[in-house]
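Visitor: here's a sequence, model it:
(2 chains)
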Amino acid sequence: MLPLTHAVTLLLYIGSLILWFRSLQSGGRGRGPKIAFGLAVAGVAAHAVALACFTVEYRQLPLNGLAPSLSTVALTIGIGLVATLGLGEGRRVGIVLVPVVILLEVVAVSLGIEPAPAQLDFEGPWFVFHVTLAFAGLGGLAVAFASGLLYLVQLHELNTKRMGRLFQFTPPLVTLDRLGRTGLVAGFITFTLGLVLGWLWTYNFRQSLDATNPKVLWAILSWLIFVSALGVRAGGGVKERRSAFASVVGFSLIVVSYLGFRIVSSQGGFFL
Amino acid sequence: MSPVSVVGVSHLTAPVEIRERFAFAPGEAEVALGRLRGQSDVQEAVLLSTCNRTELYVCPAGHTGVQEAAERVLSEKAGDVVGGTRQYLYQHDGEASVRHLYRVAGGLDSLVLGEAEIQGQVRDAYELAGKSTVTPPLAGPVLHRLFQSALSAGGRIRSTTPIGEGAASVASVAVELARKIFGGLEGRQVMILGAGTTAELVVEALGRDGIRGLVVSNRTYERAQELADRLSGSAVRFDEMPFELARTDILIASTAAPHPLVTRDGFRQARKDSERGALLIIDLAIPRDVEAEVGGEPNVFLYNVDDLHEIMDDNLIKRRSSVPEAEAIVDEYAHDFLHWHGARNVVPVIRSLRGRFDDVRDAELGRLFQKLSHLSPDDRGLVETFSKQLINKLLHDPMKKLKQGAGNGRAAEFIDAVRYLHDLEPGESASTEGLDPGGGDEEDEEAST
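Guide: A predicted model of the protein is given here:
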């Protein structure tokens, strides 16, 4: 049942991606973008079912272990896309988000979506809230990344004075800026809450924070990236462009630093 | 019989001062069409009247009297024209008229290739005829089918080809740019520099819904005031322009000034304390009103006349490249309509033929039952059913072929042949009114039982 639900999920996501690119080729004309978004929503629903099956089968939430965690991050980003439902053309960030979701899900499926071989001492509701909020933060940043990327694309099209299919497909600057700002702020709040919960647990039950732990280092680095991305909106000049750029660079840095930490540290089958 | 005729005048045959004389208001159209039908053999009529064309579609076609009556309606509307109205009118008959309407609905015959407005105008014309209180309705079965399929063809042309893609006029490019920068115009402040008509057209195209404010500034304050009054905006004196610039989102410049009115230094000074976001500048003036360097300022999107024309040219090239694909769709729809119409013509003959066979069957059954008087009612029923099935099977293929042949434009030839072979009188044909040849498939269905 579990492999089947993940296979259906991936098929729906891939179908959505194909339709997004076909819509791009037609400049966003017709019902293509709506159908692509609909397929992505169906993919998110199937994904949620797949992870619910995991919970039932293993009697634990898919938050522990590398593959389940990556799949949950993918689902969170998918939910971020679903949240753009009322934004009209803003939904077209799906053309960036769906490939990210597919990539994460493909990695998770190829690793085998099973619980981690060892148990963590950090578990229970503290752990669930900590991880869920942190993943939601990453989902928010992913939405900001997608909006920022499309913002820069649209800005380039406007500055080069071309009104081709890319220009037609890409949402308005204002929409992208609003969406990026919302994703960034919501992501920052949830990510910060997730870190605070983790810190509180560590303080209460371990009495000290292991500053050399790659997970802690990565969390602090990610939080600083969030702060920086939000900080560039302050001050004069073209804050929208700066913010878009910061979201793109910030999300990329978080991904790169995560891969770096995974390579240099021994993970023992955990997310980090 | 030719299905439809069209008589009309368009941007291809007449200048605007002539076209406007042919233009009908919706109320006038209904009266004129009602009168046309009352005074001629016209059974169905739809009038399409837009700023670029006035066309009268009439049915049945092929009668000189019908076409003359249609021409008369248009000429009466235009009144006295030097040299007469005929020099501006065109006329299509039969397949050409069908193809013409499909091309019109698809925007292939429009002044701006692929423009979308015509689709709505065709729908309005058809609905006006359909809703008319005149009885029977002005749009009967033939024009109903023709206009429905024309709207469908137009929709398909626009959705499957890039014919309507990209803005193709200065005003629509400006609207598209504003939409892609600001999302919508809600809460936006617009300023017009100069009181030229081009800027006015752009503002008209932008639409006034949601715009927070519209300001007109011109060296001659009175002209600014005039334009502001027309556009429900407000006028400001020319020396106040920099203050307005600070809170403007969209600037449309079209003065006749010999030098730039908005310099980079002046612009920086005007917007230095401004917390506003993007500024879209459409500079329609020659020489330019806005220094090119202003376009390099942060969050400024400056487009001059050359930029706009380059965009329009690119878009028109893309649109033109889709014409063959659109024409293929027109061909397909025209073929379908003509097939439907041809098949429609043979329905009365099919009915006559079936009636003739049924008469023979009834007579022969009567004679048979007299000789076989010992048959029980059940056996009689079986014989009767057998006879019906035999007739159905014998008629199935000829009728199918007849409809196919008629759909391929050989209706008259086939109808004559069937009448001759079966000695059917023309008067035996039932009325075609309201018959749908699709419904003629009942013969096929019966035959297969």
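Visitor: without its sequence neighbours, what residue ends up closest to residue 85?
Guide: Picked chain A for this. A:R91 (6.8 Å; C-beta to C-beta, 6 or more residues apart in numbering or on different chains). To be clear about C-beta, it is placed using only N, CA and C from the backbone, and glycine gets the same treatment.
Visitor: my question was about chain B, not that one.
Guide: Nearest non-adjacent residue to B:T85 (C-beta to C-beta, 6+ apart): B:S75, at 4.3 Å.
Visitor: a helix runs through the one you found, doesn't it?
Guide: Yes. According to DSSP: H, G, I helix; E, B strand; the rest coil, B:S75 belongs to a helix.
Visitor: so what's it up against?
Guide: Neighbouring residues of B:S75 by C-beta atoms under 8 Å, 6 or more residues apart in numbering or on different chains: B:T85, B:R86, B:L89.
Visitor: are any of those buried, and which?
Guide: The neighbour-count test (16 or more other C-beta atoms under 10 Å in any protein chain shown) marks B:T85, B:L89 as buried among the contacts of B:S75.
Visitor: tell me which of the contacts of B:S75 is nearest to A:L87?
Guide: B:L89 (50.8 Å; C-beta to C-beta).
Visitor: which non-adjacent residue is nearest the closest one?
Guide: Nearest one to B:L89, counting by C-beta to C-beta, 6+ apart, is B:V9 at 5.6 Å.
Visitor: show me what whichever strand or helix holds the one you found is packed against.
Guide: Assigned by DSSP states H and E, B:V9 belongs to strand B:5-10. Contacts defined by 3 or more C-beta pairs under 8 Å, 6 or more residues apart in numbering or on different chains; DSSP states H and E place strand B:5-10 against helix B:16-22, strand B:53-59, helix B:64-78, strand B:90-93, helix B:95-105.
Visitor: residue contacts, the residue nearest to B:L89?
Guide: So, once contact is read as C-beta under 8 Å, 6+ apart, B:V9 ends up touching B:I18, B:R19, B:F22, B:R53, B:T54, B:E55, B:L74, B:T85, B:Y88, B:L89, B:Y90.
Visitor: most neighbours among those, please name it.
Guide: B:E55 (27 neighbours; other C-beta atoms under 10 Å in any protein chain shown).
Visitor: residues contacting that one?
Guide: B:V6, B:V7, B:G8, B:V9, B:S10, B:L47, B:L48, B:S49, B:V104.
Visitor: would you reformat the residues you listed as a markdown table and include pLDDT?
Guide: Shown next, in a markdown table, are the contacts of B:E55 (pLDDT from 0 to 100):
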| residue | pLDDT |
| --- | --- |
| B:V6 | 93 |
| B:V7 | 93 |
| B:G8 | 94 |
| B:V9 | 94 |
| B:S10 | 93 |
| B:L47 | 92 |
| B:L48 | 94 |
| B:S49 | 91 |
| B:V104 | 96 |
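Visitor: closest one of those to chain A?
Guide: Proximity of the contacts of B:E55 to chain A, judged by C-beta to the nearest C-beta, is greatest for B:V104, which lies at 21.3 Å.
Visitor: what does stretch A:242-253 contact?
Guide: A:141-142, A:144-145, A:147-149, A:151-152, A:155, A:176-177, A:180-181, A:183-184, A:221, A:225-226, A:228-229, A:232-233.
Visitor: so how do I select the buried members of those residues in PyMOL?
Guide: Entered in PyMOL, the line below selects the buried ones among the contacts of stretch A:242-253, by 16+ other C-beta under 10 Å:
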select buried, chain A and resi 141+142+144+145+147+148+149+151+152+155+176+177+180+181+183+184+221+225+226+229+232+233
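Visitor: circling back: got the phi/psi numbers for the residue nearest to A:L85?
Guide: phi -60, psi -20 (degrees, to the nearest 10).
Visitor: same deal with A:I189?
Guide: Dihedral angles (degrees, to the nearest 10) for A:I189: phi -60, psi -50.
Visitor: skipping adjacent residues, who's closest to it in space?
Guide: A:G137 (7.8 Å).
Visitor: worst-scoring helix or strand of chain B, pLDDT-wise?
Guide: Using mean pLDDT, DSSP states H and E, helix B:442-448 stands out as the lowest-scoring helix or strand of chain B, at a mean of 39.
Visitor: can you give me the helices in the stretch 151-300 of chain B?
Guide: B:170-182, B:197-206, B:221-230, B:241-246, B:264-271 (DSSP state H, counting those that start in this stretch).
Visitor: check chain A too.
Guide: All helices of chain A, identified by DSSP state H, fall at A:2-25, A:32-58, A:66-82, A:94-111, A:125-159, A:165-169, A:173-201, A:214-231, A:239-264.
Visitor: what's the closest of the ones you listed to B:P298?
Guide: helix A:239-264 (7.8 Å).
Visitor: show me what counts as buried in the closest one.
Guide: Result for helix A:239-264 [16+ other C-beta under 10 Å]: buried residues A:239-251, A:253-255, A:257-258, A:261-262.
Visitor: do the same with stretch B:68-81
Guide: For stretch B:68-81, by 16+ other C-beta under 10 Å, it's B:A69, B:A70, B:E71, B:R72, B:V73, B:L74, B:S75, B:K77, B:A78, B:V81.
Visitor: got CSV for those, with distance to B:H374 too?
Guide: Putting these into CSV (distance: C-beta to C-beta, whole Å) gives the following:
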residue, distance to B:H374
B:A69, 66
B:A70, 67
B:E71, 72
B:R72, 72
B:V73, 71
B:L74, 74
B:S75, 77
B:K77, 77
B:A78, 80
B:V81, 84
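Visitor: need the residues of the stretch 301-449 of chain B near chain A, please.
Guide: B:F301, B:Y303, B:D307, B:E310, B:I311, B:D314, B:N315 (C-beta under 8 Å from any C-beta of the partner chain).
Visitor: so what sits opposite the first one in the bridge?
Guide: The reference is to B:F301. B:L280 (DSSP bridges).
Visitor: any idea how many residues pack against it?
Guide: B:F301: 20 surrounding residues under other C-beta under 10 Å.
Visitor: which regions of the stretch 301-449 of chain B lie under the pLDDT threshold?
Guide: B:407-409, B:426-449 (pLDDT under 70).
Visitor: likewise for chain A?
Guide: In chain A, residues with pLDDT under 70: A:118-122, A:235-237, A:266-272.
Visitor: the same query, at a cut-off of 90, please.
Guide: A:1-3, A:25-31, A:58-61, A:63-66, A:86-88, A:111-128, A:161-165, A:198-217, A:232-239, A:259-272 (pLDDT under 90).
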